[in-house]
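Visitor: show me how the following folds:
(2 chains)
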Amino acid sequence: EPEVTQTPSHQVTQMGQEVILRCVPISNHLYFYWYRQILGQKVEFLVSFYNNEISEKSEIFDDQFSVERPDGSNFTLKIRSTKLEDSAMYFCASTLAGDEQFFGPGTRLTVL
Amino acid sequence: GNSVTQMEGPVTLSEEAFLTINCTYTATGYPSLFWYVQYPGEGLQLLLKATKADDKGSNKGFEATYRKETTSFHLEKGSVQVSDSAVYFCALRLELGGYQKVTFGTGTKLQVIP
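Guide: Below is the predicted model of the structure:
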């Protein structure tokens, strides 16, 4: 069964450093998403991406964040200068259109 | 705006007890409703879904009915097992011109003790 994969599973970084979280969506999917979950809190929408551009972004997704689909398979989330409060689990999701979103296993980001 | 409210946890039950986790929503339009489960150390897994009023989603003994009149989607299971211990998220999804946006509740942690 096809699945969304994410790497790394756990990323530890120093405050102020740049991080790139990687996702490989399901191959024929067209819409891509990032969500985050701060420990013990709810899952929050960050951004949706279609046809090589952002469809919608939340207020969390400020200028420090960017997304990219650099090739036909990867979908990345970059945080330019990490802050302590960026520590969270980041989930990637993809969908073909009009059906359910498939979530990846998540990347746990720890900012020290 | 759109929101999902679910009961606070943790919920602690003995094995074979009946489970109800309440979920209510507010949304503009006609959302699809979901329950996701997150086992310890793992990602989100879709548990069940319902796409229109009066639909019942079911999976692994869990079920939930889309109630438009009460804007609810309560999760139930007749007899829980220790392996059901996890965090359960109620969510709604709206189609927005092709792409979707999923809004999650805060999650309810379920602990099942032998």
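
Visitor: list the contacts for B:Gly78?
Guide: B:Gly78 sits next to B:18, B:61 when contact means CB atoms under 8 Å, 6 or more residues apart in numbering or on different chains. Backbone N, C-alpha and C define where each C-beta goes, glycine included.

Visitor: phi first, then psi, for it.
Guide: phi -70, psi -30 (degrees, to the nearest 10).

Visitor: residues contacting A:Ile26?
Guide: Per CB under 8 Å, 6+ apart, neighbours of A:Ile26: A:2-4, A:94, A:96, A:102.

Visitor: between those residues, which has the most around it?
Guide: Ranked by neighbour count (other CB atoms under 10 Å in any protein chain shown), the contacts of A:Ile26 have A:Ser94 at the top, with 24 neighbours.

Visitor: what ranges do the strands span in the chain?
Guide: Using chain A. Using DSSP state E, the strands of chain A run over A:5-7, A:10-13, A:19-24, A:31-37, A:43-50, A:53-57, A:65-68, A:75-79, A:88-95, A:102-103, A:107-111.

Visitor: wrong one, I was asking about chain B
Guide: Using DSSP E, strands in chain B cover B:3-6, B:11-14, B:19-21, B:23-26, B:32-38, B:44-50, B:56-59, B:62-65, B:75-77, B:86-96, B:99-104, B:108-113.

Visitor: what's the most buried one of the ones you listed?
Guide: strand B:32-38 (a mean of 24; mean count of other CB atoms under 10 Å in any protein chain shown).

Visitor: partner strands of that strand, parallel or antiparallel?
Guide: The strands that strand B:32-38 pairs with in its sheet are strand B:44-50 (antiparallel), strand B:86-96 (antiparallel) (by DSSP bridges).
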